[in-house]
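>>> pasting the structure only:
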Ligand code: NAD
Ligand code: WQD
């Protein structure tokens, strides 16, 4: 398939491009580079051995810009990564988050349907479960209260896409709820490139290890977890990328090989597997690791020091979050292949080879 990849220059998008091309697909990237660097796309091209990836420096809120992309390419589906993702910043700038993430997606989806492209994979997040009512979390777990506007944009956009699919059954919608993506491509050429002080655990650890930051603050050691620190389902970004390739099969109609031809959904419960045109998957490993598990694995595998000290809990954090990824395995044939040692090794390989991230352009 030829896939529109919005946000393709970003962390998860760039890794997904590699897996798409490896699987025989092609892609067109739309990214406004608000949180990324075009060097990532050049390195993706180098990894997969093509001259370049078609790229438009375009904002998904720019209708005319998107029209041009669709006029110039025949696109079968969209993998929609573009969005702002900093939890803390979203609390400071709610309007900007709602406008960018929700406004942008509404424009994107409108242009897609005008061009008859009605297949979309959306980057959702475990954050939509709020403080989950069950652990491990299955897709049947009810959505919860988000603690920040970023989380609400994901929760609301899931609803928007579900409603659009319900009203027009030519749409095929796949919602992938990512758990905690870490790691980097094993080549060390592409990886996570946060601006400023990292919010997330793994880039903070790697920046301490490389000497850019003095020590890691561990946010709380009094949670009801085995060692008192928060437990999460970390997933290698290459595994996460592969899940998108696996999810594309939801757009294939087996009888005639056409994309996105609708049949009648049989039940209202969108969490069940009964609507073949609307599916939700947890994308994680199913294993929970604590903050200290991650630090210790990083130190052991990479033989580097990561000084840390215990700090107060961070507002909005929950104790434990990991999933049951069985549905993705059963329906997509996808499961995570990389373990915690691979995650910490590849995160460090990226950081030590690119201590300043991508070069300024
Ligand atoms: P990222 O910031 O590296 O990538 C997002 C990309 O979207 C960036 O390249 C940015 O420049 C681009 N972008 C933002 N707004 C845009 C707009 N209006 N028009 C065009 N491009 C725009 O983030 P990521 O970690 O690769 O995340 C990708 C997606 O996955 C996001 O939607 C994010 O919310 C979601 N997600 C991420 C995580 C995580 O922990 N990284 C977890 C769950 C979900
Ligand atoms: C992981 C653990 C922290 C930093 C966030 C978003 C979520 C999703 C993924 C997009 C927690 C602890 C962290 C530090 C620490 N993003 N920690 N010191 O909070 O699970 O999820 O990213 O959708 O929406 O909320 O990830 O990496 O920030 O934290 O002790 O400097 O590490 O308290 O237990 P989180 P994280």
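All right, it came through fine. It should be emphasised that the depicted structure is a prediction, and the values quoted were computed from it without experimental measurement. Ligands and ions are numbered 1, 2, ... in the order given.
>>> residue of the protein with the smallest distance to ligand 2?
Distances between the chain and ligand 2 by Cβ to the nearest ligand atom are smallest at residue 230, namely 2.3 Å. For the C-beta atoms, the positions are set from N, CA and C on the backbone; glycine is no exception.
>>> Pull the contacting residues for that residue.
Residue 230 makes contact with 219-220, 223, 290-291, 317-320, according to Cβ atoms under 8 Å, 6 or more residues apart in numbering.
>>> Give me the buried subset of the residues you listed.
Among these, those classed as buried by 16 or more other Cβ atoms under 10 Å are 219-220, 223, 290-291, 318-320.
>>> Just the ones in strands from these, please.
With strands taken from DSSP state E, the overlap with these comprises 219, 290, 320.
>>> could I get the residues you listed as CSV with pLDDT?
Below are these laid out as CSV (pLDDT from 0 to 100):
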residue, pLDDT
219, 98
290, 99
320, 98
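>>> mind listing the strands in the stretch 201-350 of the chain by residue range?
Assigned by DSSP state E, counting those that start in this stretch, the strands in the stretch 201-350 of the chain fall at 216-219, 231-232, 234-236, 278-283, 289-290, 308-311, 320-321.
>>> ok, the first one: who's next to it in the sheet?
The sheet places strand 216-219 alongside strand 308-311 (parallel), with pairing taken from DSSP bridges.
>>> show me the contacts for residue 74.
Neighbour list for residue 74: residue 2 [criterion: Cβ under 8 Å, 6+ apart].
>>> And it, what's its pLDDT?
Listed pLDDT for residue 74 reads 98.
>>> Assign it to helix, strand or coil.
coil (DSSP: H, G, I helix; E, B strand; the rest coil).
>>> What is the burial count for the closest residue to residue 305 other than its chain neighbours?
In space, and not counting its chain neighbours, residue 305 is closest to residue 299: 6.8 Å by Cβ to Cβ, 6 or more residues apart in numbering. By the criterion of other Cβ atoms under 10 Å, residue 299 has 16 neighbours.
>>> so residue 139 makes contact with residue 278?
No. With contact defined as Cβ atoms under 8 Å, residue 139 and residue 278 do not form a contacting pair (11.7 Å).
>>> Which single residue of the stretch 251-361 of the chain ends up nearest ligand 1?
Of all residues in the stretch 251-361 of the chain, residue 283 sits closest to ligand 1, at 8.9 Å by Cβ to the nearest ligand atom.
>>> The stretch 201-350 of the chain too?
At 8.3 Å from ligand 1, residue 237 is the closest residue in the stretch 201-350 of the chain, using Cβ to the nearest ligand atom.
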